[in-house]
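>>> The sequence and its predicted three-dimensional model are supplied below.
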Amino acid sequence: MKPTLRATLRRAAAVAAATGLTASPAAQAAQNDRAEPRPPMVRAAHLERMTIPDIQRAMDRGRFTSQQLTGLYLERIRALNPLLKAVVTVNPDAVAIARDSDRRRRAHGSRGPLEGIPVLLKENMDTADRQPTTAGSTALLRARPRQDAEVVRRLRAAGAVILGKANMTEWANFRDPYAVAGWSAVGGLTRNPYVLDRSAAGSSSGSAAAVAANLATVALGTDTGGSVVDPAAMTSTVGVRPSLGVAGRTGIVPISSRHDTPGPLARNVTDAALTLSVISGPDPADPDTHSAEALPADIGSVLDADALRGKRIGVWRTGHTGVDRDVDRVFEATVRELRAQGATVVEGADVTEPEELLGHLLPALLSEFKHDVNAYLAATPGSHPKSLAGLIAYNEKHRAVERMDWFGQMYFTEAQRNGVGLEDPGYRAHRAAATALARRSIDDVVESKRLDAIVTPTALPAPPVDHQAGEGDTSPFVSTTNSSVAAGYPQISVPAGYTAEGLPLGVTFLGTKASDAALLGYAYAFEQGSQVRRTPRYLPGVG
């Protein structure tokens, strides 16, 4: 190992493994209002064990302030992000926002469950502030959104501190099928905090890695085809892909309005559920949100440690077990835990992806991407390409910085060449068939076996950090997300264990339409009973 990397690892270990970091006195002196009292500083070790309600109680009682909490996270980002490449930008207004939150708390109380809580955003979410929104591409560095994305507006209204933006797979993994998960021209290559030569998956890689490394309380990601749940599984975090329409998509760089959905990543189910409750609700510019069944007003009511008792939980093994020894071991422990919590475990609940699904799905996605990204680019102010054709030309002109030697832009060119209007009968037939096939593949299993939910391993252990999707992939492990995302159904990944080398593994709870609240309850009960998550150690490599 090179001495510089060894020194960096030692520094990371000192900062994170010891978990005794506080905001430095110099930084604190610069950040604090000098006329205000200074309570004891928050410690990172405490935050690993605290939920958002714990943090709120601590701030209400004066144990620490949002400004101190924000300062701590900024310090950790400065120390660890050179190693992880999880955060692209830090919000220059974060400390001021936190200071205002503290003043409001003292004067008027809390505006909502996220008052003063530092949140990272995936870098495809518009903010009308001094941070760029690029989807990882240098083509959008000079884009200037006029207003916050709907989910960002809701976060601010609830009192959250927008801490910064997290790295992502460029264009949310829809530039080319050989893309490197977690790499973007703007942010570099995100590394897994548990084992640094391993991937944090994509495309919400930075959001997952940042939360796992305790660089923020929670983060938002977006999911089009596993982009929240897969990174969650590989970084021992909780990732929630809600039902389509639970949270609005206005102001998020799109792939497909029929798949895209924002969702939270957190270190525990409680924080994920509270964050989802804040970002959910009607979006005036997103018609899917008007027909979505709402979460309960009190999201805490679904977080019941006995939620699994008496429930019928189907086990999906085909295509997932018998592939990796550690995955099998961890999943068997999961099944035992479900039984121990009083669930009836129903074998044979395998979701079989219809053979013809992909044949309908890809043409539909290409047309949706062309339509949606053209609309987004045309409506976004600033000096940048205003169409998909312009993006393709930009990438060709800037081949070096966009690493076109590493992977190309096949999805871009195929969408430009073959994408049709959304009123085209051929497109509408493909989308209708894909949605119907996907829903039937899940609904039939749930109905025939009278299930409350299905559980299955989320993914294999994290591959090497520079692994290119599609390159030499011969694994028989089948996707856990293709049917659920095409159906618009919810899915939650929860930490379930680790490989012998320390790589995280997750299990997925999935269900049918609008089963979000029930799945959150099952995930919470499993988390409380299993208690498997441990903090990352920043190991240099496997073995």
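Structure's in. What do you need? Keep in mind it's a predicted model, so treat the numbers as computed, not measured.
>>> quick one: the helices in the stretch 351-500 of the chain?
Taking DSSP state H, counting those that start in this stretch to define them, one finds helices in the stretch 351-500 of the chain at 357-379, 388-397, 410-418, 425-448, 482-487.
>>> what's around His467, how many residues?
Using other CB atoms under 10 Å, His467 has 17 other residues around it. No exception for glycine: its C-beta is placed from N, CA and C like everyone else's.
>>> any idea how far Ala379 is from it?
35 Å (CB to CB, to the nearest Å).
>>> So Gly506, which state does it fall into?
Here Gly506 is strand, with the state taken from DSSP: H, G, I helix; E, B strand; the rest coil.
>>> can you pull the contacts of Pro296?
Counting by CB atoms under 8 Å, 6 or more residues apart in numbering, Pro296 touches Val302, Ala517.
>>> Could you confirm it falls within a strand?
No. Counting by three-state DSSP, one finds Pro296 to be coil, located in no strand.
>>> Could you pull out the helices in the stretch 101-250 of the chain for me?
According to DSSP H, counting those that start in this stretch, the helices that the stretch 101-250 of the chain contains are 150-157, 205-212, 229-234.
>>> low-scoring stretches of the protein, by residue?
1-41, 470-474, 543 (pLDDT under 70).
>>> Point out the most buried one among the helices of the stretch 351-500 of the chain.
helix 482-487 (a mean of 25; mean count of other CB atoms under 10 Å).
>>> which helices and strands does that one pack with?
Contact analysis of helix 482-487 by 3 or more CB pairs under 8 Å, 6 or more residues apart in numbering; DSSP states H and E lists helix 357-379, helix 425-448 as its packing neighbours.
>>> Just give me how far that helix sits from the chain centre.
Remark: helix 482-487 is offset 17 Å from the chain centroid, using CA atoms, centre = their mean, to the nearest Å.
>>> what's in contact with it?
Taking CB under 8 Å, 6+ apart as the rule, helix 482-487 contacts 223-226, 241, 259, 351, 353, 357-358, 361, 434-435, 437-439, 441-442, 489-491, 510, 513.
>>> now stretch 443-453
Counting by CB under 8 Å, 6+ apart, 311-314, 346, 348-351, 454, 509-512, 515, 518-519, 522 sit against stretch 443-453.
>>> Distance across that stretch, terminal residue to terminal residue?
10 Å (CA to CA, to the nearest Å).
>>> Run through the residues that contact Tyr427.
Taking CB under 8 Å, 6+ apart, one finds Pro363, Ala364, Ser367, Val420, Gly421 in contact with Tyr427.
>>> right, and the third one touches Glu423 too?
No. Applying CB atoms under 8 Å as the test, Ser367 and Glu423 come out as separate, 10.4 Å apart.
>>> Any idea which of the helices of the stretch 351-500 of the chain gets closest to Arg63?
helix 482-487 (40.7 Å; CB to CB).
>>> Start and end of stretch 162-172, how far apart?
Using CA to CA, first and last residues of stretch 162-172 are 21 Å apart.
>>> And for the closest residue in space to Ser530 that isn't next to it in sequence, the neighbour number?
Of all residues not flanking Ser530 in the chain, Glu337 sits nearest, at 5.2 Å (CB to CB, 6 or more residues apart in numbering). When neighbours are counted by other CB under 10 Å, Glu337 registers 19.
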